[in-house]
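Participant: fold the following and give me the result.
(one chain, ligands or ions: 1)
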Amino acid sequence: MVEKLEKIWMDGRFVDWDDANIHILTHTLHYGLGAFEGIRCYLCDDGSSAIFKLKEHVDRFFNSAHIGQIDIPFSKEEITNAIIETIKINGLKESYIRPIVFIGDGAMGIHPQDNPIRVAIAVWQWGAYLGDDGLKNGIRVKTSSFTRHHVNIMMTKAKICGNYVNSVLAKREVVQDGYDEAVILDTEGYVCEATGENIFITQKGDLKTPPLTSVLPGITRESVISIALDRGIRVIEERFTRDELYVADEAFFTGTAAEITPIRQVDNRSIGNGKPGEITQTLQNIFFDIIRGKQEKYKKWLTYI
Ligand SMILES: *Cc1c(COP(=O)(O)O)cnc(C)c1O
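Facilitator: This next block holds a predicted model:
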């Protein structure tokens, strides 16, 4: 359950949490064309709060909308400020931030014509998305029976609302079977990503992750690649199969919500020795130091509020 806070930013102004409502004929509710972001703000070691890679998230929000031919009626600067103000007004030191742009009510039917474009920003408190134990000891995942989007059916570079029907189906299926998360294969059967995370494996000290061709360009993915390269770890962006995943030395997911979550088992086969591996833990430690403002070199990734 999301714990109720004070205010939500809607179409340029703050409204009370309970008043952030929409009409039942909201176009996006029926047909799924809208776009969202997932951003995190962390409490730093010095007591301040900082948003991780805010510019990258705002840029991707606008890209997602552009791909969906949705004109956000605010500038990037306005959205950036609104995100910061929403955190401040709710008095949170640490939060998950969810901007969403959607097509409002007006015309019904598939073609939205001149329906208003609406934007909202909500924040809430969110701990480890895949659980504290998962973050520490790794999670158990299962290959989904659902295939990830074909690049010409859904737009895979955008966090478009409707894209997540596939994610919800995949997630539900594996959770009902007792697993923590789903690995989803692409239309050709190669490992693609998870329901809201990118995937990495390690092989003999190298990192490997599927290329961006049909996956969401994760900001955590990009950060992990930079951190790895800075430490002299080779990064290979190449497709791999599910059995290559089974025999990987280590595996982990990355995402704003999931952060860096180790994978300890895939389809009932343990990965490595069944515990988070050395490279995974190293990357995790550096990542958590970065977001807490403890790594001078990466402070440029933080927007202090
Ligand atoms: C958001 C998301 C990711 C992770 O992206 P981040 O920018 O790291 O949060 C990966 N895959 C999908 C499908 C996503 O929606």
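
Participant: right, and residue 92 touches residue 122 too?
Facilitator: No: if you go by CB atoms under 8 Å, residue 92 and residue 122 don't touch, sitting 11.5 Å apart. All C-beta atoms are positioned from the backbone trio N, CA, C, and that covers glycine.

Participant: and residue 131, what pLDDT?
Facilitator: Residue 131 is assigned 86 on the pLDDT scale.

Participant: oh sorry, the question was meant for residue 127
Facilitator: Looking at residue 127, the pLDDT reads 84.

Participant: just the buried residues of stretch 280-300, please?
Facilitator: Neighbour counts using 16 or more other CB atoms under 10 Å place 280-281, 283-284, 286-287, 290-291, 293, 295, 298 of stretch 280-300 among the buried residues.

Participant: and what of stretch 227-235?
Facilitator: Within stretch 227-235, the residues that count as buried by 16+ other CB under 10 Å are 227-228, 233, 235.

Participant: need those residues in TSV (columns: pLDDT and secondary structure).
Facilitator: As requested, those are exported to TSV (pLDDT from 0 to 100; DSSP: H, G, I helix; E, B strand; the rest coil):
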residue	pLDDT	secondary structure
227	98	helix
228	98	helix
233	97	coil
235	98	strand
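
Participant: could you pull out the helices in the stretch 201-305 of the chain for me?
Facilitator: Counting by DSSP state H, counting those that start in this stretch, the stretch 201-305 of the chain has helices at residues 219-230, 242-246, 278-291.

Participant: and the ones you listed as TSV, adding distance to the ligand?
Facilitator: Compiled in TSV, the helices of the stretch 201-305 of the chain are given as follows (distance: least, CB to the nearest ligand atom, whole Å):
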stretch	distance to the ligand
helix 219-230	3
helix 242-246	16
helix 278-291	11
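
Participant: looking at these, which is nearest to residue 137?
Facilitator: Residue 137 lies closest to helix 278-291 among the helices of the stretch 201-305 of the chain, at 11.1 Å (CB to CB).

Participant: pull the residues that contact stretch 167-174.
Facilitator: The contact list for stretch 167-174, computed with CB atoms under 8 Å, 6 or more residues apart in numbering, reads 141-142, 144-146, 180-182, 184, 195-196.

Participant: which two of those residues have the greatest separation?
Facilitator: 145 and 196, at 18.1 Å, using CB to CB across these.

Participant: of these two, who's got more company?
Facilitator: residue 196 (20 against 12; other CB atoms under 10 Å).

Participant: now whichever helix or strand residue 85 is part of: buried residues?
Facilitator: In this assignment (DSSP states H and E), residue 85 forms part of helix 76-89. Under the neighbour-count criterion of 16+ other CB under 10 Å, helix 76-89 has 79-80, 82-84, 86-87 buried.

Participant: check stretch 203-214 too.
Facilitator: When neighbours are counted by 16+ other CB under 10 Å, the buried residues of stretch 203-214 are found to be 207-210, 214.

Participant: out of the residues you listed, which are inside strands?
Facilitator: Taking DSSP state E as the definition of strands, these contribute 207-209.

Participant: looking at those residues, spot the one nearest residue 269.
Facilitator: Nearest member of those to residue 269, counting by CB to CB, is residue 208, at 17.6 Å.

Participant: measure that closest one to residue 69 for me?
Facilitator: 35 Å (CB to CB, to the nearest Å).

Participant: and what of residue 175?
Facilitator: For residue 175, the distance to residue 69 (CB to CB) stands at 34 Å.

Participant: show me which of these two is the more surrounded one.
Facilitator: residue 175 (14 against 8).

Participant: ok, residue 218 touching residue 255?
Facilitator: Yes: counting by CB under 8 Å, residue 255 is a contact partner of residue 218 at 6.2 Å.

Participant: who touches both of these two?
Facilitator: 197-198.

Participant: got the residues of the protein near the ligand?
Facilitator: Counting by CB under 6 Å from any ligand atom, the chain comes close to the ligand at 38, 159, 193, 196-198, 216, 218-221, 254-256.

Participant: what is the burial count for residue 29?
Facilitator: Using other CB under 10 Å, residue 29 has 16 neighbouring residues.
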